[in-house]
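> predicted model, plus sequence, below.
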Amino acid sequence: MAIMKQIHKRQIILLLSVACLVFGIVVSYIFCKALGESGYILADSKHPVSISETGNIGDFIGGVVGTIFSLVSVGLLILTLTDQFHQNKLDSFGQTFYEMLHIHNDNITSMSLKDSDNTTGRDVFSKLVSQYEVIYDMVQGCFNNILLINSLSAKDNEDQKDKLGKMKTYLKSQRKAVRLCMRIAYGFFFYGSEKFLLKSNVDEEKQILEHVKHLLVLSNSIVKPHNVLLGHYFRHMYQMLRLVERANFLDEDEKYVYAKQLRAQLNDDEQVLLYYNSLSDIGKAWIEGIGQKKRNKMCRKYSFTFAPGITKAKVG
């Protein structure tokens, strides 16, 4: 919208300048023609130049036509300054964007995992995706455990039995189960199974999470966090895309070109991990708007993530 207003203003100034220029030329032509038709002779071999008469003519042209041409000059000056201002904004934006892109690549280069191979750089993401998928399988196994519980012991009260029934009913919905499994799995992956808390107003989801945590403790399968490794990486990348999205002096095609340059830096595993992040409570900002009345979903808008079909789980 801002770009269209700027283009519209520029067109109005240009049209007014052209109109004033044409008007000045027409006025000059009509004045000279009127002098010729009236038989007025400015100077020839018999009539010397009269300073007073030529001065009057000069005053007319300078006062009327000159003023019109001055308006044209002002209009063109405004256009020049506007274009220069817009170019300065583009240059400043490009410099900021490419500096952030350089920092993004430095962040990846400095990444390392304390594993048997001392994995570093982009290879880290391949390991992280594998680790996430193992965690996803663990959480899904806990969900299956809930569904396979036939009955509780006699000492369990009706409230516990009612909770179990509601958890089973919730997990029988494949869409809800897959969605919750991805949220919990990524929460464990990012914050660790001991510290992750599910942001939810649904009691069944909280109860399922507590049951999953209990089973992981019993099986001695505590999940270690990766928030220190990935927190800065995702925040910086989000700020880059947010910078592009909020650049109201760029049209949509220009924004897409910049977003593609960031997307080109991501390998397959990075895009898969970003997809998992965007489906979690932690990464909601990737698919929610950033303040617009009509919310733009940045990940989808700029084709930043793979389609769900090629990832570990499908969201129906």
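Here it is on my side, so go on. What you see is a predicted model, and the numbers here were worked out from it, not measured in a lab.

> any low-confidence regions in the chain?
1-17, 20-21, 23-24, 27-29, 31-66, 68-69, 71-72, 151-157, 288-316 (pLDDT under 70).

> let me see the ranges of the helices in it.
With DSSP state H, the ranges of helices along the chain come out as 2-37, 51-60, 66-109, 123-148, 158-171, 174-191, 203-218, 227-245, 252-263, 268-278, 298-301.

> Ile282: neighbour count?
22 (other CB atoms under 10 Å). To be clear about C-beta, it is placed using only N, CA and C from the backbone, and glycine gets the same treatment.

> same question for Lys224.
12.

> what sits against the nearest residue to Thr96 once chain neighbours are set aside?
Spatial nearest neighbour of Thr96, excluding adjacent residues (CB to CB, 6 or more residues apart in numbering): Leu243 at 6.8 Å. Going by CB atoms under 8 Å, 6 or more residues apart in numbering, Leu243 touches Phe93, Thr96, Phe97, Met100.

> quick one: which of the helices of the chain is nearest Ser116?
helix 123-148 (10.4 Å; CB to CB).

> in the closest one, what counts as buried?
124-126, 128-129, 131-133, 135-136, 138-140, 142-143, 146 (16 or more other CB atoms under 10 Å).

> just checking, what packs against that helix?
helix 158-171, helix 174-191, helix 203-218, helix 268-278 (3 or more CB pairs under 8 Å, 6 or more residues apart in numbering; DSSP states H and E).

> relative to Leu81, which of those is closest?
With CB to CB as the measure, helix 268-278 is the member of these nearest Leu81 (41.5 Å).

> any idea of the angle that closest one forms with helix 227-245?
Following axes from the mean of the first three to the mean of the last three CA atoms, to 10 degrees, one obtains 90 degrees for the angle between helix 268-278 and helix 227-245.

> what's the closest of the helices and strands packed on helix 123-148 to Ile25?
helix 268-278 (60.3 Å).

> what's the angle from that closest one to helix 174-191?
Going by the same axes, to 10 degrees, helix 268-278 makes 110 degrees with helix 174-191.

> could you give me the buried positions within helix 268-278?
Asp269, Glu270, Gln271, Val272, Leu273, Leu274, Tyr275, Tyr276, Asn277, Ser278.

> how about Val139, what does it touch?
Val139 neighbours (CB under 8 Å, 6+ apart): Cys181, Ile184, Ala185, Phe188, Val212.

> separation between the fourth one and Ser112?
Separation of Phe188 from Ser112 (CB to CB, to the nearest Å) stands at 21 Å.

> what does Ser73 give?
Counting by CB to CB, the gap from Ser73 to Ser112 is 62 Å.

> same check on Ser221?
Counting by CB to CB, the gap from Ser221 to Ser112 is 24 Å.

> same question, Arg175
38 Å.

> okay, the two: which has more neighbours?
Remark: of Arg175 and Ser112, Ser112 carries more neighbours, 13 against 10, as counted by other CB under 10 Å.
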